[in-house]
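Turn this into a model:
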Amino acid sequence: ENLEPEPQAVYFVALYRADLPVAIFPLKRSTRTMAGIPMRILEIPRHSHSDLRDFIYERSPANTGLIPQLLSHLRQQRDIGWDLLSMTNVPEDSAAAFSLESCPPARLVSVQQGASKSIPCCTPLGTALDRLSGNFRRNLRRLARRCEEQGTLTYHSYREPQDLQRAFELFLDVEASSWKGKAGTGSAIRLDPATIGFYRELMTSYSATHDCFINLLMLDDKCIAGQFCLLTNGILNVLKIGYLEEFEQVAPGNLLFERLFRDCSPDGPFHTVSFVTGAAWNDVWRPVSLRVMNFHLFNRTWRGVLGFLALVTRNLLRTISRKLLTRRPAVKARSEEA
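A predicted model of the protein is given here:
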């Protein structure tokens with residue numbers, strides 16, 4: 001309703017067991033060229049505001065064979081011709097990865113695409129803040145003191161439906177004030193009505209179960225940093241962050257995360273905070289990292305078979321090239337020693 005430019009190309013395939021729905025597979029039809037071969041593709045819908053993707057079902061022994069069942073269904077649909085089923089940006093603990101690893105189909109190519117990083121809030125070894133280096137903790141205290149020289153610093157976490165609307169507007173303002181605004185990349189949520197609609201719908205639907213959190217860091221009555229988060233299965237996913245660039249020297253984004261981790265407790269609503277992505281700046285918090293995978297599953301059409309062979313050959317050549325490049329410095333060093 002908000003982000004998809006071609007809604008007519010999107011399918012939702014539902015699988016039932018004993019008249020009860022057990023799985024939903026969102027798929028979009030598209031065409032792309034791979035190794036010079038025009039490929040008819042079915043893929044999990046992609047968008048820049050959808051960092052991680054998955055199918056929707058429980059990871060249980062009864063569901064290990066769901067993707068083969070999906071393939072069988074798709075091959076019977078005469079109006080949906082396809083050569084490649086593409087699942088990109090899929091975390092290793094996802095439903096899709098669970099089924100593909102439990103029951104791998106033929107002509108499957110798996111490639112690690114990146115990482116998704118998260119912080120366990122409370123463990124037997126201590127809290128999230130206990131994981132930090134002494135230098136980083138001291139630096140956070142120093143930055144907080146510098147900020148408090150300009151006013152009163154307060155942290156607010158909103159999840160009640162009646163509070164979220166005002167918090168959402170403050171978050172949109174602060175997110176658009178940074179490098180994402182009109183003077184920067186122009187990617188701020190505030191600048192696109194469709195994107196605003198997407199996040200507003202997330203807020204409305206998740207707030208019905210108190211699972212939307214908007215966290216704000218205020219300096220007196222000015223919002224200097226904000227987070228838009230969704231709670232799923234005890235994991236608080238930080239979908240978007242923003243801060244006022246005029247306060248960049250005091251790292252308001254880090255100060256907001258520090259207060260979020262300080263607010264965690266063993267009996268709280270979440271046990272983990274996920275950065276969702278695997279950006280390098282996450283590493284100062286000493287996160288746990290999950291692999292994010294691209295899965296390419298080729299059909300038994302002639303295009304699918306050729307595409308599979310082309311991708312496997314390309315990956316093999318890249319592996320050989322990397323090994324040759326890593327060997328060269330060692331050979332040079334031995335020559336110099338001789």
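
Quick one: the helices in the protein, in order.
Counting by DSSP state H, the segments of the chain that form helices are 66-75, 95-102, 134-148, 161-176, 193-207, 252-262, 302-337.

Now these in a markdown table, please, with extra columns for mean pLDDT and distance to His296.
For glycine as for every other residue, the C-beta is placed from the backbone atoms N, C-alpha and C. Output for these, formatted as a markdown table (pLDDT from 0 to 100; distance: least, CB to CB, whole Å):
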| stretch | mean pLDDT | distance to His296 |
| --- | --- | --- |
| helix 66-75 | 94 | 13 |
| helix 95-102 | 95 | 11 |
| helix 134-148 | 95 | 39 |
| helix 161-176 | 96 | 34 |
| helix 193-207 | 96 | 27 |
| helix 252-262 | 95 | 35 |
| helix 302-337 | 77 | 6 |
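
Show me the one of these that comes nearest Ile44.
helix 95-102 (8.0 Å; CB to CB).

how far is that closest one from where the chain is centred?
Here the centre of helix 95-102 is set off from its chain's centre by 18 Å, with CA atoms, centre = their mean, to the nearest Å.

From the rest of the structure, what touches it?
Helix 95-102 is contacted from outside by 23, 44, 54-59, 63-67, 87, 90-91, 108, 110, 293, 295, 297, using CB atoms under 8 Å, 6 or more residues apart in numbering.

Check these for burial and list the buried ones.
The neighbour-count test (16 or more other CB atoms under 10 Å) marks 23, 44, 54-55, 57, 63, 66-67, 87, 90-91, 110, 293, 295, 297 as buried among the contacts of helix 95-102.

where does the stretch 1-150 of the chain have low pLDDT?
Under the criterion pLDDT under 70, the flagged ranges of the stretch 1-150 of the chain are 125.

I'd like the helices of the chain laid out as a markdown table, including distance to Arg32.
Conversion of the helices of the chain to a markdown table gives the following (distance: least, CB to CB, whole Å):
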| stretch | distance to Arg32 |
| --- | --- |
| helix 66-75 | 18 |
| helix 95-102 | 20 |
| helix 134-148 | 43 |
| helix 161-176 | 32 |
| helix 193-207 | 24 |
| helix 252-262 | 36 |
| helix 302-337 | 10 |
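
Of these, which is nearest Met39?
Short answer: helix 302-337, nearest of the helices of the chain by CB to CB, at 5.5 Å.

ok, back up a step: so which of the helices of the chain is nearest Cys122?
Nearest to Cys122, of these and by CB to CB, is helix 252-262 at 9.8 Å.

Could you list every helix and strand that that closest one packs against?
Contact analysis of helix 252-262 by 3 or more CB pairs under 8 Å, 6 or more residues apart in numbering; DSSP states H and E lists helix 134-148, strand 153-158, strand 212-219, strand 222-232, strand 235-243, strand 272-274 as its packing neighbours.

Next, the buried residues of that helix.
Applying a neighbour-count criterion of 16+ other CB under 10 Å, the buried positions in helix 252-262 are 252-261.
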